[in-house]
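# Here is a sequence with its predicted model. Questions after.
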2 protein chains.
Amino acid sequence: MYRSNTCGELRATNVGQTVTLAGWVQKVRNLGAMTFIDLRDRYGITQIVVEEHSDEATKEAASKLGRECVVQVVGRVIERESKNAKMATGDIEVVAEKINILNQAVIPPFTIEENSDGGDDLRMKYRYLDLRRPPLQRNMILRHKMAQEIRRFLDGEGFLEIETPYLIKSTPEGARDFVVPSRMNPNEFYALPQSPQTLKQLLMVSGYDRYFQIVRCFRDEDLRADRQPEFTQIDCEMSFVEQEDVLEIFERWARYMFKEVMNIEFNEPFKRMPWIEAMEKYGSDKPDVRFGMEFSDITDLAHGHDFVVFDSASYVVGFAAEGCASYTRKQIDELTEFVKRPQVGAKGLVWIRVDEAGAIKSSIDKFFSADDLKAIAERVGAKCGDMVFILCGDKFKTLTQLCTLRLEVAERLGLRDPKKFAPLWVVDFPMFEWDEETQRFYAMHHPFTSPKPEDAHLFDTGELGKMRANAYDFVCNGTEIGGGSIRIHDAELQAKVFNALGFTPEAAEEQFGFLMNAFKYGAPPHGGLAFGFDRLCSLFGGSESIRDYIAFPKNNAGRDVMLDGPSPVAQAQLDELFLSLVKPE
Amino acid sequence: MYRSNTCGELRATNVGQTVTLAGWVQKVRNLGAMTFIDLRDRYGITQIVVEEHSDEATKEAASKLGRECVVQVVGRVIERESKNAKMATGDIEVVAEKINILNQAVIPPFTIEENSDGGDDLRMKYRYLDLRRPPLQRNMILRHKMAQEIRRFLDGEGFLEIETPYLIKSTPEGARDFVVPSRMNPNEFYALPQSPQTLKQLLMVSGYDRYFQIVRCFRDEDLRADRQPEFTQIDCEMSFVEQEDVLEIFERWARYMFKEVMNIEFNEPFKRMPWIEAMEKYGSDKPDVRFGMEFSDITDLAHGHDFVVFDSASYVVGFAAEGCASYTRKQIDELTEFVKRPQVGAKGLVWIRVDEAGAIKSSIDKFFSADDLKAIAERVGAKCGDMVFILCGDKFKTLTQLCTLRLEVAERLGLRDPKKFAPLWVVDFPMFEWDEETQRFYAMHHPFTSPKPEDAHLFDTGELGKMRANAYDFVCNGTEIGGGSIRIHDAELQAKVFNALGFTPEAAEEQFGFLMNAFKYGAPPHGGLAFGFDRLCSLFGGSESIRDYIAFPKNNAGRDVMLDGPSPVAQAQLDELFLSLVKPE
């Protein structure tokens, strides 16, 4: 072993001991008579002193040290004259008796410190150096700890971690698969799993009852910000359970994680919110409930005042931005421009100011009397000092637009505190989603999701749009962290769903026959869910970006700029795979 | 929840309780007045009774049950009249009050029992049914438990589990990569990692100090028996360590695993055996040391007796097969044929019988006197009742052939007891391997493996074949379970190794430049190892085949016959990937 102690370990109690440390040179300060070296490893930093009366070899070695050199230091622990309360090892320093340079280092392209001077691209290219920085080290350690705790809890509850294959069969449904040409089966391809959904359902058919896996998933999608082509999922499935059982156990799991990892306890059960309530109150199926500013439908109050914008809209909705009555014209214009951006798509923004004295002013004074405006302000719960923001149009489109505004206002008000956590279950998702373009219903979750039993009669009345599913999402701070459903295990019900989705029995057989066939051999009632592990790490870590929690992430073009992959392969390899390249135009 | 208890849980203490069970029908015995149903889940089997005076609906339901139906039973726990001591729940049975058929099942293609009547191919096709059988359930549970214990130990020792990417860059060195065409980077390919070797070394450069991962690895090799194109590795790396540190911690880890999982304790430190000793004594770098029958070099005794077979051989080696003096002519002929098979390749087998009375008889009586034969028998340690087997030829080829014979004899003698474990470290592997065909040295481990410091002078004398590496294997019962090395962290030494391997500096830069470049920024001394997790499971589980410990394995053609993958993909998908298929001839 090249060391007796780590660089984060020594305290006043170690004074007098002779120790051996090894690590990277963080900083060298040559004060002439003395040289101070900050020696770093992942456990901390220890100050090394080379004194005037140190032997020549030691002084010589110290003079050669640059940033990020790897050295071994033998020395004696002494008490510091001026202690540094900010450092865990700040009570001591180590007087070097021998310095052994293990490896020299060229000057790194950016500073290896809490905040680096390197830009994103440079730090991605030298990710192995960026990973030396304390914030990334904290993230990797957090992720490790979370993974261990996840397993500890689920193992304790009788879940079995079962590895499922990464080389599976390509399926046409869902997102785009990454495929892997098979050399031994020419012109055939494996697919990398988008999730182990089918395999975990098979494990339920196999009787494994409580399964989980922390597993890599792959999706060949056009990358949006903060999406990765490979990501990690906490994948779970249970047999002989109903929705309530799944929510119960995974709420306990989430509480365990918050307690063990973050030392946060929740006194109340997690809120449960039907999907329709989440949409109507927050304009989102993943509402951020760290703060209020809930929406109110004011369509009835808005119509009939000769204001054509409102009159021509099927839905008018608003919320009270707390304490925003003082917003200037400029600030309001900014927010108006914000909602009019193509990404949001609103036509304009109506506001009603309720000043500290209760006086009301609005952008629609022309059409609405003070009493009319007051009625609206009251409906949305505006207090003195608040500003009401109103959008109108098609119901769900407008709600979604207003959600964006609500989050922007909250951001400006500092209400999106990453240290505060507001978990909730969104339940009662719609079973089917109508697609205007193709004029058909699609499964909102997937075709194996079961409807709520009390809504099953809607198959007969044809009101598919009203049918709710036994599907649920775990949401925290405006982010979907996980989701799942109770699956259909009854062949007759499954046939009805396929029918509703417009599959002929033959088409259903062709696409889903494999799983359906397995179900014939005795499928138990089952359900489950999956959590995004990268996302959960970034939630706990308080960062917006999952990349910060992945050791070697890819950029937005799906490239690993550190490894410089993907890359061309040799013709011989293509020949072996019976493939040839087509030149892109 | 569909159940109040599992099928493995109820005992005499539960008598009188009303319970709800759910599971699969293992067996139905209709005795006219009464019907007995064995209800199974992964926890066990409980006997359900439907009595003559049960209500009609219950009797009706019972009459409809076939094997593997999924049912829910509500009933009262009663004490059995005739207890079954072989069943954990054998003291009780449950009198059914309500039987709820959750799902019917068609008749499975083979029996779901401890020993199935299904052939290999059929059971692979219906793997989800095979996984219902108790042996496979035990294997999956064992694997789960082992994975948890591996993590518990390494987490306790400060190792961080860090996930490395599965979509990396293809490297020309080593085995064949599986490649993944990139749609976003046309005509470029990711590679699936053969192991995270480079990435874990980068993590050492990043300062992570103690890393591990239970990780999938991929190799596109022609499959030999019991190889899988994807397999799982316990991958570990440490910084600031020497070989002794790595062996110490992973010997403790292995002891922990044997104790926690198998309840086996070893009193002695694990044996350490230099590679040359393993080869000379056992003819293998992964010797099975559960039993003796060590080899002795008898070249000196064998030469000079006008026996041209021996005289023309550079090496003559034999061992005493314990208690095999009674082998008949037929048995000896069998073994002779065994070593003459092309897979072994020996030319013939010489034997010396030392009977119970000490009388000696041999296949080479013509050339050797009784005293000569006695001298040989003594050299190989033959006692009365033993049979000496001798092969000759080129040294290492002959040793390898004799190893095969030794294992075969041990197998016949019942010495390869899967319940007995003989772990050992094989150390001091040669640094380089000479290849006759290409007339050059190859790295026995990989080009980053460091030589033993005391052998480094051999670079100067050019005796590369004699140089030993800081490389080690963990071997148990004749199987290599793991292996690794201390890596080179010194640029000068690395250059010498590349030179010895015949790389020009330019070629070395081209192939390994990426890692070499990272090393320039301060690489710590580091080393590690990796264990085959599938193999470790099969060792602990006492099976020869790793397939039995993988939920969804592939067959010898690399196919998943259950999913029927790999498979053709749609032309549209190939177009998106800018690929076209080449027809195999």
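Yep, it's here. For clarity, every value in this text was computed on a predicted model and none was experimentally measured. Numbers count the residues shown, from 1 in each chain, chains lettered A, B, ... in the order given.

# For the stretch 101-250 of chain A, which segments count as helices?
A:120-125, A:127-130, A:134-156, A:197-205, A:243-262 (DSSP state H, counting those that start in this stretch).

# For those helices, please prepare CSV with the additional fields mean neighbour count, distance to chain B and mean pLDDT.
All C-beta atoms are positioned from the backbone trio N, CA, C, and that covers glycine. Below are the helices of the stretch 101-250 of chain A laid out as CSV (neighbours: other C-beta atoms under 10 Å in any protein chain shown; distance: least, C-beta to the nearest C-beta, whole Å; pLDDT from 0 to 100):
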stretch, mean neighbour count, distance to chain B, mean pLDDT
helix A:120-125, 15, 11, 95
helix A:127-130, 24, 4, 98
helix A:134-156, 19, 4, 98
helix A:197-205, 24, 4, 96
helix A:243-262, 17, 5, 98
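
# Contacts (any at all) between chain B and stretch A:165-184?
Yes - judged by C-beta under 8 Å from any C-beta of the partner chain, stretch A:165-184 comes into contact with chain B through A:165-170, A:172, A:176-184.

# Out of those, the closest to chain B would be?
Minimum distance to chain B across the residues of stretch A:165-184 next to chain B is 3.1 Å, recorded for A:Lys169 (C-beta to the nearest C-beta).

# Got phi/psi on the closest one?
Here is the backbone geometry of A:Lys169 (degrees, to the nearest 10): phi -100, psi 140.

# Spatially nearest residue to it (excluding sequence neighbours)?
B:Gly565 (3.1 Å; C-beta to C-beta, 6 or more residues apart in numbering or on different chains).

# what about that neighbour, how many neighbours?
23 (other C-beta atoms under 10 Å in any protein chain shown).

# Kindly state the beta-bridge partners for it.
Here B:Gly565 sits in beta bridges with B:Asp560, going by DSSP bridges.

# surely it meets A:Tyr190?
Yes - B:Gly565 sits in contact with A:Tyr190 when judged by C-beta atoms under 8 Å, with a separation of 5.7 Å.

# shared neighbours, those two?
Common contacts of B:Gly565 and A:Tyr190, defined by C-beta atoms under 8 Å, 6 or more residues apart in numbering or on different chains, comprise A:Leu167, A:Ile168, A:Lys169, A:Ser170.

# and these, which two are the farthest apart?
Farthest apart among these by C-beta to C-beta are A:Leu167 and A:Ser170. That separation is 10.6 Å.

# residues shared between the contacts of the two?
A:Tyr190, A:Ala191, B:Gly565, B:Pro566.

# quick one: which of those has the most company?
Most surrounded of the shared contacts of A:Leu167 and A:Ser170: other C-beta under 10 Å gives A:Tyr190, at 32 neighbours.

# which residues sit in contact with that residue?
A:Leu167, A:Ile168, A:Lys169, A:Ser170, A:Val179, A:Val180, A:Ser182, B:Gly565, B:Pro566.

# so how far is B:Glu280 from it?
Here A:Tyr190 is placed at a distance of 44 Å from B:Glu280 (C-beta to C-beta, to the nearest Å).

# Just the CA atoms from stretch A:64-79 would do, formatted as PDB, please.
Taking C-alpha atoms only, stretch A:64-79 is exported to PDB below (Å, rounded to 0.1, in the frame of the first residue of the first chain):
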ATOM      1  CA  LYS A  64       9.700  19.900  -9.100                       C
ATOM      2  CA  LEU A  65       6.000  19.600  -8.100                       C
ATOM      3  CA  GLY A  66       3.400  21.000 -10.300                       C
ATOM      4  CA  ARG A  67      -0.400  20.900 -10.200                       C
ATOM      5  CA  GLU A  68      -1.800  17.400 -10.500                       C
ATOM      6  CA  CYS A  69       1.500  15.600  -9.900                       C
ATOM      7  CA  VAL A  70       1.000  12.300  -8.200                       C
ATOM      8  CA  VAL A  71       3.200  12.000  -5.100                       C
ATOM      9  CA  GLN A  72       3.800   9.900  -2.000                       C
ATOM     10  CA  VAL A  73       4.800  11.800   1.100                       C
ATOM     11  CA  VAL A  74       6.300  10.300   4.300                       C
ATOM     12  CA  GLY A  75       6.100  12.700   7.200                       C
ATOM     13  CA  ARG A  76       5.300  13.600  10.700                       C
ATOM     14  CA  VAL A  77       1.900  15.000  11.700                       C
ATOM     15  CA  ILE A  78       2.200  18.200  13.700                       C
ATOM     16  CA  GLU A  79      -0.300  20.700  15.000                       C
END
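
# how about that stretch: buried residues?
A:Leu65, A:Arg67, A:Glu68, A:Cys69, A:Val70, A:Val71, A:Gln72, A:Val73, A:Val74, A:Gly75, A:Arg76, A:Val77 (16 or more other C-beta atoms under 10 Å in any protein chain shown).

# which ones among those are found in strands?
Among those, DSSP state E puts A:Val70, A:Val71, A:Gln72, A:Val73, A:Val74, A:Gly75, A:Arg76, A:Val77 in strands.

# tell me which of those is nearest to B:Gln104?
Nearest to B:Gln104 among those, with distances taken as C-beta to C-beta, is A:Val70, at 67.0 Å.

# Next, the distance between the ends of stretch A:201-213.
As for stretch A:201-213, its first-to-last residue distance stands at 13 Å under the measure C-alpha to C-alpha, to the nearest Å.

# err, stretch A:64-83, not the other one
End-to-end distance (C-alpha to C-alpha), stretch A:64-83: 27 Å.

# go on, stretch A:457-470?
15 Å.

# Could you do stretch A:409-422 as well?
Counting by C-alpha to C-alpha, the terminal residues of stretch A:409-422 are separated by 18 Å.

# next one: stretch A:219-231
Start-to-end, stretch A:219-231 (C-alpha to C-alpha) is 9 Å.

# what about that stretch, near chain B?
Yes - Stretch A:219-231 reaches chain B (C-beta under 8 Å from any C-beta) through A:Asp220, A:Asp222, A:Leu223, A:Pro229, A:Glu230.

# burial measure for the residue nearest to A:Pro274 when sequence neighbours are not counted, as a count.
Spatially, and ignoring its direct neighbours in sequence, A:Pro274 is nearest to A:Asp428 (4.1 Å; C-beta to C-beta, 6+ apart). Residues lying near A:Asp428 (other C-beta under 10 Å) number 21.

# Could you check the lowest-mean-pLDDT helix or strand in chain A and say which residues are buried?
Least confident helix or strand, chain A: helix A:505-519 with a mean of 87, by mean pLDDT, DSSP states H and E. Across helix A:505-519, burial judged by 16+ other C-beta under 10 Å covers A:Ala508, A:Gln511, A:Phe512, A:Phe514, A:Leu515, A:Met516, A:Ala518, A:Phe519.

# what's the answer for stretch A:83-100, then?
For stretch A:83-100, by 16+ other C-beta under 10 Å, it's A:Met87, A:Ala88, A:Thr89, A:Gly90, A:Asp91, A:Ile92, A:Glu93, A:Val94, A:Val95, A:Ala96, A:Ile99.

# Likewise for stretch A:100-115?
A:Leu102, A:Asn103, A:Gln104, A:Ala105, A:Pro108, A:Phe110, A:Ile112.

# Residues in contact with that stretch: which ones?
A:2, A:22, A:24-26, A:61, A:64-74, A:116-119, A:122-123, A:126, A:129-130, A:132-135, B:489-490, B:519-525.

# Run through the residues that contact A:Phe295.
A:Glu280, A:Lys281, A:Tyr282, A:Gly283, A:Val317, A:Gly318, A:Phe319, A:Val380, A:Leu399, A:Leu402, A:Arg406.

# can you check A:Asp394 too?
Applying C-beta under 8 Å, 6+ apart, the residues near A:Asp394 are A:Ala313, A:Ser314, A:Tyr315.

# could you dump those residues to a markdown table with distance to chain B and secondary structure?
Putting those into a markdown table (distance: C-beta to the nearest C-beta, whole Å; DSSP: H, G, I helix; E, B strand; the rest coil) gives the following:
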| residue | distance to chain B | secondary structure |
| --- | --- | --- |
| A:Ala313 | 40 | coil |
| A:Ser314 | 39 | coil |
| A:Tyr315 | 39 | strand |
